[in-house]
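Student: give me a 3D structure for the following:
(one chain, ligands or ions: 3)
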Amino acid sequence: MEFPVKAGPPARHRTECAILPVFDDRQLHGATKEFDRAARGAIAKLIRAGDSPARLGACTLVHRTQGTAAARWLLVGCGKRAEFSAKRLTSALRAAVNALRGGGTKEATSFLGYDTPLGAADAARYSVEAASASVYRFDELKSKTDPPSRLAKLTLGVKSGTSIGEVRAGIKIGSAVAAGSNLARDLGNRPANVCTPSHLAETARNIAKRYERMEVKVLDEADIRKLGMGALLSVTQGADEPPKLIVLHYKGAAAKEAPIALCGKGVTFDTAGISIKPAPKMDEMKFDMCGAGSVLGAMLSVGELQPKLNVVAVIPACENMPGSRATRPGDIVKSMSGQTVEVINTDAEGRLILCDAITYVQRFKPRCIIDVATLTGACVIALGHVYTGLFCNDESLAKALLEAADRSLDLAWRLPVHEDYGESLRSNFADFANSGTRDGGASVGANFLSRFVDGFAWAHLDIAGVAWRANANKGATGRPVPLLVDYLLNLDLQ
Ligand code: BES
Ligand code: MN
Ligand code: ZN
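Tutor: Residues are numbered from 1 along each chain as shown. Ligands and ions are numbered 1, 2, ... in the order given. Here you go, the predicted model:
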């Protein structure tokens with residue numbers, strides 16, 4: 001999608017559709033006021049008649065646009081003006097783009113960011129992310145596609161005197177985040193027979209090819225064995241599909257600058273192995289690589305934005321399948337760290353592949369390690385589909401991630417990693433087990449991972465509840481790409 005910027009008198013913008021905010025104080029503001037003046041009070045009249053509700057997201061399409069250069073007006077409810085925020089702008093614009101999508105509109109101009117306390121640059125960034133998310137469709141595997149979303153261009157109308165350079169900078173960030181999120185969505189939505197570990201590796205290779213300062217290395221099963229990654233190998237051993245360990249390195253700063261390390265869980269299908277899952281909703285376990293997808297998405301955004309940072313992404317990718325060669329409950333495996341693990345439950349496989357990735361990435365002496373994983377059903381019970389679970393051993397890293405989450409509207413909530421959550425991982429036969437009590441299961445999972453972090457600042461993002469939507473709108477969300485990219489960009493600014 002294209003996002004040009006245009007300043008000047010709003011009512012004279014030539015556009016197929018002007019998207020105009022309506023607030024619930026029965027007064028007109030900003031661009032809407034100017035349109036109303038040009039149209040001799042037509043908008044005020046509609047609102048008085050109750051035909052254009054100010055309820056957030058309510059859309060009213062008007063064709064009689066006398067006095068203005070727009071062929072249509074789309075009046076969009078934005079709620080109370082004093083409460084207008086990035087979140088509301090996002091909701092309102094998503095509703096507007098959805099309302100236009102079915103119709104014939106190929107191009108529109110949004111005035112939602114024309115006159116807001118958010119500032120034109122931030123408004124532009126959020127508008128680009130919201131519009132891109134609304135037009136996103138996954139139809140590459142349908143033989144007959146729905147008529148494509150015709151909305152291909154959204155002009156951002158800004159006040160005369162606004163710094164166009166700043167607005168363009170906002171658009172650039174928004175577009176990069178949108179492109180990264182769309183990659184994460186595509187990878188998540190692709191079924192496990194398409195999105196294999198090799199497909200994830202190929203995607204990483206393409207990112208490295210497309211962007212400067214990006215290098216990739218893909219390790220295969222023999223390499224993984226040489227490294228001694230017995231935990232990762234124990235998960236993949238039931239599958240015919242070959243595993244990969246993907247290392248994607250972005251070098252935007254001097255070599256002596258410690259990199260940020262990102263690790264993404266890449267289980268391309270989680271049957272649970274011998275501890276097999278029940279049939280209902282098992283198809284959703286194709287989304288079990290969304291940690292990997294979001295890390296690749298964030299790396300694509302980094303490639304677009306070229307921040308002055310070093311970032312190293314490590315993605316352990318494999319399938320978790322049952323079979324005669326699969327790991328049995330009770331089997332004991334040796335992780336790359338040297339610690340032995342009793343595999344009580346072969347469904348607790350995410351932590352097994354991540355623990356070896358976390359050990360591996362410490363060779364880069366990272367400034368911090370952030371792992372991203374659809375790790376536990378318990379996190380979904382705790383936080384639902386709203387917040388990512390954040391577990392962290394370092395106060396300033398936790399603070400920076402929570403601030404990035406708030407700014408990017410990609411929310412995270414801190415949960416505890418206290419050592420007592422590890423009590424149920426005690427094993428009579430190995431150093432510890434891979435699964436313990438269901439109670440507090442998200443923290444038990446985090447505790448397991450913490451045993452592989454050797455003196456580094458570390459954060460674990462459990463995205464089990466937020467990486468995809470179920471039911472009628474089933475599909476990957478692209479989260480937490482916005483959070484990760486916002487975090488990285490703010491490091492670059494410091
Ligand atoms: N991929 C699942 C977690 C999951 C389940 C995410 C449902 C989203 C929805 C993970 O591999 C898993 O199965 N975790 C187990 C861990 C348990 C066996 C300790 C779980 O949460 O039940
Ligand atoms: Mn599992
Ligand atoms: Zn899993």
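
Student: near ligand 3, which residues of the protein are found?
Tutor: 267, 270, 288, 350 (CB under 5 Å from the ion). The C-beta positions use only the backbone N, C-alpha and C, and glycine is treated the same way.

Student: out of those residues, who has the most neighbours?
Tutor: residue 267 (30 neighbours; other CB atoms under 10 Å).

Student: for the one residue in the stretch 301-450 of the chain that gets nearest to ligand 2, which non-adjacent residue is closest in space?
Tutor: In the stretch 301-450 of the chain, the residue that lies nearest ligand 2 is residue 347 (3.8 Å; CB to the ion). Sequence neighbours aside, residue 272 is the residue nearest to residue 347 in space, at 3.7 Å (criterion: CB to CB, 6 or more residues apart in numbering).

Student: contacts only, for residue 253.
Tutor: Counting by CB atoms under 8 Å, 6 or more residues apart in numbering, residue 253 makes contact with 308-310.

Student: before we move on, what SS does it have?
Tutor: Counting by DSSP: H, G, I helix; E, B strand; the rest coil, the backbone at residue 253 sits in coil.

Student: go on, the one 3 residues further on?
Tutor: Per three-state DSSP, the local secondary structure of residue 256 is coil.

Student: what's the burial count for it?
Tutor: Neighbours of residue 256 (other CB under 10 Å): 6.

Student: show the backbone phi and psi for it.
Tutor: Main-chain torsions, residue 256, degrees, to the nearest 10: phi -80, psi -10.

Student: how far away is it from residue 311?
Tutor: Computed as CB to CB, to the nearest Å, the residue 256 to residue 311 distance reads 15 Å.

Student: hey, which strand is longest across the protein?
Tutor: If you go by DSSP state E, the chain has its longest strand at strand 310-320.

Student: elements contacting that strand?
Tutor: Counting contacts by 3 or more CB pairs under 8 Å, 6 or more residues apart in numbering; DSSP states H and E, strand 310-320 packs against helix 197-210, helix 230-236, strand 244-251, strand 260-264, strand 266-270, helix 290-305, helix 350-361.

Student: looking at the ones you listed, spot the one closest to residue 83.
Tutor: Closest of the helices and strands packed on strand 310-320 to residue 83 is helix 290-305, at 29.6 Å (criterion: CB to CB).

Student: and the closest one with strand 266-270, angle?
Tutor: Per axes from the mean of the first three to the mean of the last three CA atoms, to 10 degrees, the angle that helix 290-305 makes with strand 266-270 is 150 degrees.

Student: tell me what helix 290-305 is packed against?
Tutor: The contact analysis (3+ CB pairs under 8 Å, 6+ apart) places helix 290-305 against helix 164-189, helix 197-210, strand 244-251, strand 260-264, strand 310-320, strand 368-373, helix 481-493.

Student: tell me which of the ones you listed lies nearest to ligand 1.
Tutor: Nearest to ligand 1, of all the helices and strands packed on helix 290-305, is strand 310-320, at 7.3 Å by CB to the nearest ligand atom.

Student: quick one: strands adjacent to that closest one?
Tutor: strand 244-251 (antiparallel), strand 260-264 (parallel), strand 266-270 (parallel) (DSSP bridges).

Student: doesn't residue 66 fall inside a helix?
Tutor: No. Membership of residue 66 in a helix is not supported by three-state DSSP, which gives coil.

Student: excluding chain neighbours, what is closest to it?
Tutor: Distance criterion CB to CB, 6+ apart; nearest residue to residue 66, sequence neighbours excluded, is residue 39 at 5.6 Å.

Student: for the one you found, grab the count of nearby residues.
Tutor: That count, for residue 39 with other CB under 10 Å as the rule, works out to 21.

Student: before we move on, back to that, neighbours around the residue nearest to residue 347, how many?
Tutor: Residue 272 has 18 nearby residues by other CB under 10 Å.

Student: pretty sure it sits against residue 329.
Tutor: No. Contact criterion CB atoms under 8 Å: residue 272 and residue 329 do not qualify, at 10.6 Å.

Student: name the residues contacting each of the two.
Tutor: Both residue 272 and residue 329 are in contact with residue 346, where contact means CB under 8 Å, 6+ apart.

Student: related to what we said a few turns ago, report the distance from the longest strand of the chain to the chain centre.
Tutor: Here strand 310-320 is found 16 Å from its chain centre; the criterion is CA atoms, centre = their mean, to the nearest Å.

Student: does it reach ligand 1?
Tutor: No. Counting by CB under 6 Å from any ligand atom, ligand 1 is not contacted by strand 310-320; separation bottoms out at 7.3 Å.

Student: what angle do strand 368-373 and that strand make with each other?
Tutor: On the basis of the same axes, to 10 degrees, strand 310-320 is oriented at 30 degrees to strand 368-373.

Student: helices or strands next to the helix or strand just after strand 310-320 in the packing?
Tutor: Per DSSP states H and E, the first helix or strand lying C-terminal to strand 310-320 is strand 332-334. Counting contacts by 3+ CB pairs under 8 Å, 6+ apart, strand 332-334 is packed against helix 230-236, strand 340-342.

Student: check the residue of the stretch 301-450 of the chain found nearest ligand 3 and give its pLDDT.
Tutor: Using CB to the ion, the closest approach of the stretch 301-450 of the chain to ligand 3 is made by residue 350 at 4.5 Å. As predicted, residue 350 sits at a pLDDT of 99.
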